[in-house]
Structures are given as structure tokens and as C-alpha cells.
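# could you work out the structure for the sequence below:
(chains A and B)
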Amino acid sequence: MSADIGLPISHRQRLWLYALGGLVLLFLIAPSVIIVIMSFSDSTLLQFPPQQWSLRWYETYFQSVEWRDATIVSVKVAVMTVLVATPLGTAAAYAINRGTLRFNGTINALLTASLIIPVILIGIGTFFLYARIDLNNTLTGLVIAHTVQALPLVVLTVLSGLRSYDMNQERVARSLGAGRIAAFWQVTMPQIRFSIVSGGLFAFITSFDEVVVSLFISGGETTTLTRRMFNALRDQIDPTIAAISTCLIVLSVLLLSVAQIFGRRH
Amino acid sequence: MSAPSALLREPAGAGRDLNAQALRADARRESLRLLALLSPSLFLVFAIIIVPIGWLFWLSLFDEAGAFSTSNYARFFEQASYIKTFVTTFKVAFIVTGACVLLGYPLAYMLSQLPRRAASICLIFVILPFWTSVLVRTYAWLVILQRKGLINSWLIDLGVISQPLSLANNLSGVVIGMTHILLPFLVLPLYASMKTIDTDCLRAGMNLGAGPVATFRQIFFPLSLPGLASGVVIVFVLCLGFFVTPALMGGGKVIMWAMRMEQTTSLYSNWGAGAALGVVLLVVTLALLGLFQWLLGARATGVWSSR
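Numbering: from 1, shown residues only, chains lettered A, B, ... in the order given. Predicted structure coming up:
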């Protein structure tokens, strides 16, 4: 008897299901694991498991000016995207959560549109627009484009935080004489700050991992890491990319763990 | 009604009107404040998404000479290469969606049946790839599937095959890579909806004498269909506009819709034709999502909040 569900089906009868599910989980996780292991290989041939271990691909990555510059561009853009998208998304989520505005549904749909609209269309459209206002190949242009991509995630994350918060608390604070901003800052904000932090982390990953729009609007000195990786992959399979990929995977794991820890405390 | 409300109604005439006016003015001010909070975000979305797409739509209505025409759209039915692109795109979308259902349904079902702790550990394996760069995962599959890749060298070492299989740089590579990338988009909403299925229904079925198979087929499966549908729609729609994986793993042979758009605009600088492709892609995407919402009364975009 499986205690959780209370159905008269034993775990043993479910073995086939666990085996099948386990295989699918393996399919999901194996590629990342293989890349991480292979990045420590000494060989230019992609062998698995590697015959000899070394850090040479990490050395190539950190010593190459091109890769380092691209990484710096990506980090800069991602940090600025977080700084722009998080407050904007939080403010928008706060307004949507009130639900008093007319067209609330339409506003919500507009703000989350970039999750649905094919990203290739956004890439081409942004390139076309930026060509007119000279924003192609600039950090500003990248930050604006990435902010639009990250906004829906911040809005959705903060909204889910606000849904489990009772807005009457802010009303109480205001009826006791707190100003609007003080009431938000001292009463609401401490209770949704974990959602805001999670939203910010998601904005960071979204910007850092963004490929398609960056392919169109970045270049020259503002080439992002993903754009350089994409172009490198088109030519040949360079093991340096395994080292970079490992760094990206580690970054995702770190950010997700932080989001998870914050989420649990919330 | 009761006495207090009668008392409240007492200050009739001018006083009440004044009160109502003040309340209305207050509500209006409040709405303006909320709009002010929304305006920066709405402005950005408007400027970066709505305006350029509208502009592209406008461009698509003119031919290369600048005259108003529908030639950009007529081309889709006339030129064999466009028809081939659409056929390839839909073929890949159907295969990938089917593969995601076959792999994702058992996984989501298992997750929904596991004890909470075990399920949350297994979920990490779904969420982590979801948040790993598409580029990294495509690279991983290139390494695994290419001619001298892992699978081929293992199979040759084991003596199963003598010639390497062509797994990458063709349709199978694209399908495997895309299935891996899109699988979490199916599993997460499906799992979320399976968790809401009332186990009392299942227990009642079993009490009434249904075996495990009948309980699953007649009770659990039908109740999981809305979640499955939302996963299927989102995966299918994302397939139609997918760029990175087919561009890197298709070996130039698998030209999908988004790649065609990139080639038409970047390579041939034919903005009208590229824009028309984009407009049709957007219309198809929105039509599928709208149809889904109309049929099931739910939004397929829930996947991003069900992480």
C-alpha cells in the first residue's frame, strides 16, 4: 500500500513505471553530465570517458581575449537587465495584482507576450527597429531587448508571491498613517522579497542564456558569449566550448539553488 | 434590510452625491497611479515587440519595387522551396511533440505518484535542463551524436556497427535535440495538473471494483487530458518557431521556418519576404493558442509559472 496516495498498488507493481521514468530523467540530465565530465579531458578528440584529465580547455577559455571579452559583455548585460527588469516587473505585478484596472487581462497578456511570440520574429523586428535608431551593437540595445524578454518572468514570479500575500496589511499600515511608499517598503516588500529575488535571478539567467535576439542585435565589441558560442559551433566543435558550457551549467545550478533556498524560506 | 443600513442611507441628497463624487475621484486617482506603475513595462513591450512587428507586417505588404502587393504571401504557395520549409517544420513539430508526449507522460505520471520528497528531487532533473542554455544542450547533443561522437564510437568499439550512423546534421539530430529541450515544457504543466487530480476519485473507482488499469484508463487519464493538452500546445507552438537547434544540428539540410526567416533577411536582405514569413508564423502561433484557450478555457502559458 503506498502510504502517500492510499491506493492499493504496491511500489513493486510500479517498478516498470519507475524504470521508464528513470530512463527519461537520465535522457534529460545525461547530456549536461557528459559535457561537464568531458570538459576536463586532455584530448582534442571528444572521448568519453576521457583517457587523461586536464584543465587545458579552461585555460584556453580564460586566456582567450575574445572569449573573455564576450563573457564580460554578457555579464554586464545580464546585471543591467536584472537592475532594470526587476523593479519594472515588480511595479507591473503590483498593479496587475490589484485587479481594479480595466483591461487587466489584456495588460497581463501584453506583458507576457514575449513568452509566446516566436523569438526569431522579436529578433528580426528588434534588429530592424534598432537599425533606425542606432542601437544595434550597443550595450543599451542589448539591455533593453533582454529586459523585454525577462519582464514576463519577473512579473509572473512576483505575481505568484503577491497572490499569497494579503494586501489588507498594506491598507492597515496606511490607515495607521504610513505613506504609500513607506507602507509598500516596510510592510509589503519584506513579505514578497523572496519572490522579487527569484524574479531577478530568472531575469539574470534569461539574459545570460539569450541567443536568438543577441544574434541579430549584438556584434563587434558587444558580441555576447552566446553569440560567439553559436558562431563557433557553426564552424567546428571546439572543446573550449565544453569548458564554457560547464561554467554556464554551474551558473544555472548556483542561481537555481539560490532561488530554491529563497523560495523555501518564503 | 436591517436598521444600520437604513441609518447609512439617511444622509440623502447633496451630501451623498458629494460622497460618491469623492469616491469616484479617488478611484480614478488610484487607477492613474496603477497605470503609472505599469507604464514603463508597457512602453518597453510596446516599443520592442508591438511596434517592430507592426512595422514588419506593413513591410510584408509591399514587393521589392515598393509597390503594394501580396506577392510576398503568394510566394509561399508558388515556390517549392517555401512549401518544403513548411512541410519540414510541421513534420519536425509533429514528431517532436509526439516524442515529448511518449517520454513526458510516463515521467509526469511517475512524478505525480512518488512521495513528495522523492518527487521534488526528481523534479530538479526536469527543472535544471529547463534553465540550462539551449546552446549548451545543443552542443552536448552534437558531441554525443556526431559522426565521431560518443554514440558512434561506443557502438563501433562494441562491434555493433562498422560504419558510423549519421545521427547529427540531419532530421534525427534536430528531432533528438529539440525533444530534449522541449520536454520540460510538457512535463511541468502535465505534472502540475496531475497533482490536482483528486485521489478520492481513484480510490472510489477501485472500491467499486475497477483494477489498476481500468482506474487509470477510465479515471486518471481523462482527468489528466487538459494538462496534457496545454503541454502539447506549448511544445508544438515552440517547435514551429525554433531556431538554434535546427540551425546547428540540421547540417544545412533541415531548413525550418525560423531558419528560413533568418536566411531571407540576413543573407538575402529581402525584408518583405522575411516579414511575411514572420507574420504567418505569428498568426499560426496565436491561432493555435487561441483555439486551445477557447476549447479548454485555460492559458497554455502556465508552464512558466509552474516551474
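# in the stretch 201-307 of chain B, where is pLDDT below threshold?
Applying pLDDT under 70 to the stretch 201-307 of chain B picks out residues B:297-307.
# of all of it, which residue lies closest to chain A?
Of all residues in the stretch 201-307 of chain B, the one sitting closest to chain A is B:Gly241 (2.9 Å; CB to the nearest CB). All C-beta spots, glycine's among them, are computed from the backbone N, C-alpha and C.
# doesn't B:Leu281 make contact with that residue?
Yes - using CB atoms under 8 Å, B:Gly241 is in contact with B:Leu281, at 5.9 Å.
# more neighbours: which of these two?
B:Gly241 (25 against 22; other CB atoms under 10 Å in any protein chain shown).
# how close does the nearest residue in space to the more buried one that is not next to it in sequence get to B:Arg29?
Using CB to CB, 6 or more residues apart in numbering or on different chains and skipping the chain neighbours, the partner closest in space to B:Gly241 is A:Pro118 (2.9 Å). Remark: distance between A:Pro118 and B:Arg29 (CB to CB, to the nearest Å) = 40 Å.
# more neighbours: those two, which one.
Neighbour tally, A:Pro118 and B:Arg29, criterion other CB under 10 Å: the higher count belongs to A:Pro118, 23 against 10.
# now do the buried residues in the longest helix belonging to chain A.
Longest helix of chain A, by residue count under DSSP state H: helix A:65-98. With burial defined by 16 or more other CB atoms under 10 Å in any protein chain shown, the residues of helix A:65-98 counted as buried are A:67, A:70-71, A:73-75, A:77-78, A:80-82, A:84-86, A:88-97.
# same thing with stretch B:95-110?
B:95-97, B:99-101, B:103-110.
# ok, stretch A:160-178 next?
Quick answer for stretch A:160-178 (16+ other CB under 10 Å): A:160-162, A:170, A:173, A:178.
# contacts with chain B among these, please.
Restricting these to those within reach of chain B (CB under 8 Å from any CB of the partner chain) leaves A:Ser160.
# list of residues touching the helix or strand hosting A:Glu170?
Applying DSSP states H and E as the criterion places A:Glu170 in helix A:168-175. Helix A:168-175 is contacted from outside by A:180, A:182-184, A:186-188, A:191, using CB atoms under 8 Å, 6 or more residues apart in numbering or on different chains.
# got the angle for it vs helix A:65-98?
Computed by axes from the mean of the first three to the mean of the last three CA atoms, to 10 degrees, the angle separating helix A:168-175 from helix A:65-98 equals 80 degrees.
# next structured bit after helix A:168-175?
Using DSSP H and E, the first helix or strand after helix A:168-175 is helix A:180-183.
# run the chain-centre distance for the helix or strand just after that following helix.
Next in sequence after helix A:180-183, counting helices and strands by DSSP H and E, comes helix A:189-209. Distance of helix A:189-209 from its chain centroid, counting by CA atoms, centre = their mean, to the nearest Å, is 9 Å.
# how about stretch B:28-36?
Offset of stretch B:28-36 from its chain centre (CA atoms, centre = their mean): 33 Å.
# B:Glu78 and chain A, how far apart?
For B:Glu78, the distance to chain A (CB to the nearest CB, to the nearest Å) stands at 23 Å.
# for B:Pro164, that is, sorry about that
Taken as CB to the nearest CB, the span from B:Pro164 to chain A is 13 Å.
# same question for B:Leu38.
5 Å.
# for that residue, give me its contacts.
Counted by CB under 8 Å, 6+ apart, B:Leu38 has contacts A:91-92, A:95-96, A:101, A:107.
# thinking again about what came up before, identify, from the contacts of helix A:168-175, the entry nearest to chain B.
When those are compared against chain B (criterion: CB to the nearest CB), the nearest one is A:Arg180, at 8.0 Å.
# so what's the closest one closest to, chain neighbours aside?
A:Arg174 (6.9 Å).
# and what of B:Leu295?
Using CB to CB, 6+ apart, the nearest residue to B:Leu295 is B:Ala229, at 7.9 Å.
# burial of the one you found, as a residue count?
B:Ala229 has 18 nearby residues by other CB under 10 Å.
# what do you get for B:Ala67?
By other CB under 10 Å, the burial measure for B:Ala67, its neighbour count, is 9.
# what does the one 4 residues further on give?
By other CB under 10 Å, the residues close to B:Ser71 number 18.
# and for B:Ala93?
Neighbourhood size, B:Ala93 [other CB under 10 Å]: 22.
# any idea how far stretch A:196-211 is from the middle of the chain?
3 Å.
# sorry, wrong one. I was asking about stretch B:119-132.
Computed by CA atoms, centre = their mean, the chain-centroid distance of stretch B:119-132 equals 18 Å.
# on that earlier part again, residues in contact with the residue nearest to B:Gly241?
B:240-241, B:258, B:278, B:281-282, B:285.
# who wins on neighbours among the residues you listed?
In terms of neighbours by other CB under 10 Å, the contacts of A:Pro118 top out with B:Gly278 at 30 neighbours.
# surely it and A:Ile120 touch.
Yes - between B:Gly278 and A:Ile120 a contact is recorded at 7.3 Å, counting by CB under 8 Å.
# identify the contacts common to these two.
Contact criterion CB under 8 Å, 6+ apart; residues shared by B:Gly278 and A:Ile120: B:Met261.
# ok, back up a step: so which of the contacts of A:Pro118 are in helices?
Among the contacts of A:Pro118, the members falling in helices (DSSP H) are B:240, B:258, B:278, B:281-282, B:285.
# out of these, who's nearest B:Leu248?
B:Leu248 lies nearest to B:Ala258 out of the ones in helices among the contacts of A:Pro118, by CB to CB, at 12.4 Å.
# give me every residue that touches the closest one.
Taking CB under 8 Å, 6+ apart, we find B:Ala258 in contact with A:118, A:120, A:212, B:241-243, B:246-247, B:281.
# from B:Val232, how far off is it?
From B:Ala258 to B:Val232 the distance is 20 Å (CB to CB).
# same thing with B:Ala168?
From B:Ala168 over to B:Val232 the distance is 26 Å, taken as CB to CB.
# go on, A:Thr100?
35 Å.
# ok, these two, which is more surrounded?
The residue with more neighbours, out of A:Thr100 and B:Val232, is B:Val232; 22 against 11, by other CB under 10 Å.
# now for the residue lying closest to B:Ile176 once chain neighbours are set aside: which residues touch it?
Closest residue in space to B:Ile176, ignoring its immediate chain neighbours: B:Trp141 at 6.1 Å, by CB to CB, 6+ apart. Counting by CB under 8 Å, 6+ apart, B:Trp141 touches A:31, B:168, B:173, B:176-177, B:180, B:245, B:249.
# now name the helix or strand holding B:Trp141.
Using DSSP H and E, B:Trp141 falls in helix B:134-145.
# continuing past that helix, what's the next helix or strand?
helix B:150-157.
# filter the buried residues of helix A:65-98 by proximity to chain B?
A:88-89, A:91-92, A:94-96.
# ok, the helix or strand where B:Tyr109 lies near chain A or not?
Applying DSSP H and E as the criterion places B:Tyr109 in helix B:80-113. Yes - Helix B:80-113 reaches chain A (CB under 8 Å from any CB) through B:103-104, B:106-107, B:109-111, B:113.
# farthest pair in those?
Within the residues of helix B:80-113 next to chain A, B:Leu103 and B:Gln113 form the most distant pair, 16.7 Å apart (CB to CB).
# chain neighbours aside, what residue packs nearest to B:Ala93?
B:Cys239 (3.7 Å).
# next: A:Lys76.
Using CB to CB, 6+ apart, the closest residue to A:Lys76 is A:Leu139 (6.4 Å).
# enumerate every residue touching that neighbour.
A:73, A:76-77, A:80, A:222.
# those residues into CSV, with extra columns for pLDDT?
As requested, those are arranged in CSV below (pLDDT from 0 to 100):
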residue, pLDDT
A:Val73, 95
A:Lys76, 96
A:Val77, 97
A:Met80, 97
A:Thr222, 91
